[in-house]
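> here is a sequence with its predicted model. Questions after.
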Amino acid sequence: MNPSHQAMQQLLSHLQGSVIGQTQVAQGIIIGLLAGGHVLLEGLPGTAKTRAVKALAQGLGASFGRVQFTPDLLPSDVTGTDLYQESPDGKPLLTFQPGPVFNQILLADEINRAPAKVQAALLEAMAEGAVTVGGTSRPLPQPFIVLATQNPIEQEGTYPLPEAQIDRFMLKITIDYPQETDELAVVRLVRGEETGAQAKQEGATPLPQLDPALVLEARAQIAQVQVSELVDRYLVNLVMATRDPSRYPQTPLAQWLEVGVSPRATIALDRCARAAAWLAGRDHVTPDDVRAVARPVLEHRLSLGYGAAADGISRAQVIQTLLDQVLIG
């Protein structure tokens, strides 16, 4: 069996076992990691957003940094800064102190609780894989992924993400409350972890960790996944439907959509579909792969008009309408 594929399946199972009842969350995080993108996790408090990110770092064995975004946070608290020091011979010396962004996995917790200038500190890191401080550009360790969390209902004391920042996230995953049976499993899981923590103190064997280099190997293989002309046209047609909904006059899409998605969304749709196909063990993409990743890739990039608000239509419903109307072929 392909070692990198086996490793990613093992990591997926680890995430699913750590975050009960949130299969789409585990799948989305792994696809984002394999596609080389960043992931925005949106959900109510206590729905295991932070736990999912920590489980990824634990299972992958990657370096992990966490930033708790607050209104008084500074950009240098994220990127790092040059510190003035005196050398042994008494001469002034500037030494760079790296911030938490210099980790392979960065958790940006409650990202919408910090002002725009702090949120923007992540833009270069997310787009270029590097950080510039004091005129010097420093590369970030690879693989590098930002996983940000936000609460969808808390508005007081928050700063909504600018459109440019939102578009940098390849995927947005919405986390719902677990079902009743899953809630029961969560209680038992946490109870078992308390017992396991006591056993660990007594010398239990730690959880084996995967080599992060396997992610880079997996990305190289995903680049070789084949996409047919049919699938290429299908994903482009989905994107064009958001920009020119008048192509589908039998639907109210033209009244619902105000601004369509960017070309970055097209690229993300292609990469995520290829990652989903590879994760499923195939060397080619099917239309179902595109459909499976359409909502997390497109939903946060759509701008809805007054017509959607008047009709009580959500972005998820718009995506479903697109999938129902855009034909394959």
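Right, received. Where do you want to start?
> in a strand, Ala62, correct?
No. Checked against DSSP: H, G, I helix; E, B strand; the rest coil, Ala62 lies outside a strand; its state is coil.
> I figured it hits Gln142, correct?
No. Applying C-beta atoms under 8 Å as the test, Ala62 and Gln142 come out as separate, 10.0 Å apart. C-beta here means a position set from N, CA and C on the backbone, and glycine is covered the same way.
> so what sits against both of those two?
Gln104 (C-beta atoms under 8 Å, 6 or more residues apart in numbering).
> these two: which has the busier surroundings?
Taking neighbours as other C-beta atoms under 10 Å, Ala62 and Gln142 compare with Ala62 leading, 21 against 14.
> for the more buried one, give its distance to Pro141.
In this view, Ala62 and Pro141 are 8 Å apart by C-beta to C-beta, to the nearest Å.
> shared neighbours, those two?
Common neighbours of Ala62 and Pro141 (C-beta under 8 Å, 6+ apart) are Asn103, Gln104.
> lowest-confidence helix or strand of this structure?
For the chain, using mean pLDDT, DSSP states H and E, the weakest element among its helices and strands is helix 180-201, scoring a mean of 73.
> buried sites along it?
Across helix 180-201, burial judged by 16 or more other C-beta atoms under 10 Å covers Val186.
> and the most centrally placed residue in the chain, its phi and psi?
Centroid-nearest residue in the chain: Val39, 1.0 Å away (criterion: C-alpha atoms, centre = their mean). Dihedral angles of Val39 (phi, psi; degrees, to the nearest 10) stand at phi -130, psi 130.
> domains in the protein, by residue range?
Split into domains by automatic domain parsing, the chain comes to 3-194, 224-325.
> which of the ones you listed has the lowest average pLDDT?
Sorting those by mean pLDDT places domain 3-194 lowest, at a mean of 87.
> can you give me the strands for the chain?
39-43, 64-68, 80-86, 92-98, 105-109, 130-133, 136-139, 145-150, 171-175, 257-259, 303-304 (DSSP state E).
> thought Ala164 was touching Met126?
No. Checked against C-beta under 8 Å, the pair Ala164 and Met126 is beyond contact range at 10.6 Å.
> give me the more crowded residue out of those two.
Met126 (21 against 13).
> and the gap between the closest residue to the more buried one other than its chain neighbours and Lys49?
Leaving aside its chain neighbours, Met126 sits nearest to Arg168 (4.6 Å; criterion: C-beta to C-beta, 6 or more residues apart in numbering). Here the criterion is C-beta to C-beta. By it, Arg168 lies 18 Å from Lys49.
> the more surrounded of the two?
Lys49 (26 against 21).
> got JSON lines for the domains of the chain, with distance to Asp211 too?
Shown next, in JSON lines, are the domains of the chain (distance: least, C-beta to C-beta, whole Å):
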{"stretch": "domain 3-194", "distance to Asp211": "7"}
{"stretch": "domain 224-325", "distance to Asp211": "18"}
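> out of those domains, the one nearest Ala213 is which?
When the domains of the chain are compared by C-beta to C-beta, domain 3-194 sits nearest Ala213, at 8.6 Å.
> and the closest one, how far out from the chain middle?
Centre-to-centre, domain 3-194 and its host chain are 8 Å apart (C-alpha atoms, centre = their mean, to the nearest Å).
> how close does Asp232 sit to Asp324?
Counting by C-beta to C-beta, the gap from Asp232 to Asp324 is 21 Å.
> neighbour-wise, which of those two wins?
Set Asp232 next to Asp324 and count neighbours by other C-beta under 10 Å: Asp232 wins out with 14 against 10.
> for the residue lying closest to that one once chain neighbours are set aside, give me its contacts.
What sits nearest to Asp232 in space, not counting adjacent residues and going by C-beta to C-beta, 6+ apart, is Asp270, at 7.9 Å. Counting by C-beta under 8 Å, 6+ apart, Asp270 makes contact with Val227, Asp232, Leu235.
> ramachandran angles for the closest residue to Phe69 other than its chain neighbours?
Spatially, and ignoring its direct neighbours in sequence, Phe69 is nearest to Ala114 (3.9 Å; C-beta to C-beta, 6+ apart). Reported as degrees, to the nearest 10, the phi and psi values for Ala114 are phi -110, psi 150.
> for Val78, see how far away Ala114 is.
Where Val78 is concerned, Ala114 sits at a distance of 9 Å (C-beta to C-beta).
> again, but for Val236
On the measure of C-beta to C-beta, Val236 and Val78 end up 36 Å apart.
> try Glu42
For Glu42, the distance to Val78 - C-beta to C-beta - is 20 Å.
> ok, which stretches of the stretch 201-329 of the chain are helices?
213-222, 229-243, 253-256, 263-279, 287-298, 306-311, 315-325 (DSSP state H, counting those that start in this stretch).
> now those as a markdown table including distance to Ala148?
What follows is these, written out as a markdown table (distance: least, C-beta to C-beta, whole Å):
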| stretch | distance to Ala148 |
| --- | --- |
| helix 213-222 | 19 |
| helix 229-243 | 23 |
| helix 253-256 | 27 |
| helix 263-279 | 16 |
| helix 287-298 | 14 |
| helix 306-311 | 25 |
| helix 315-325 | 18 |
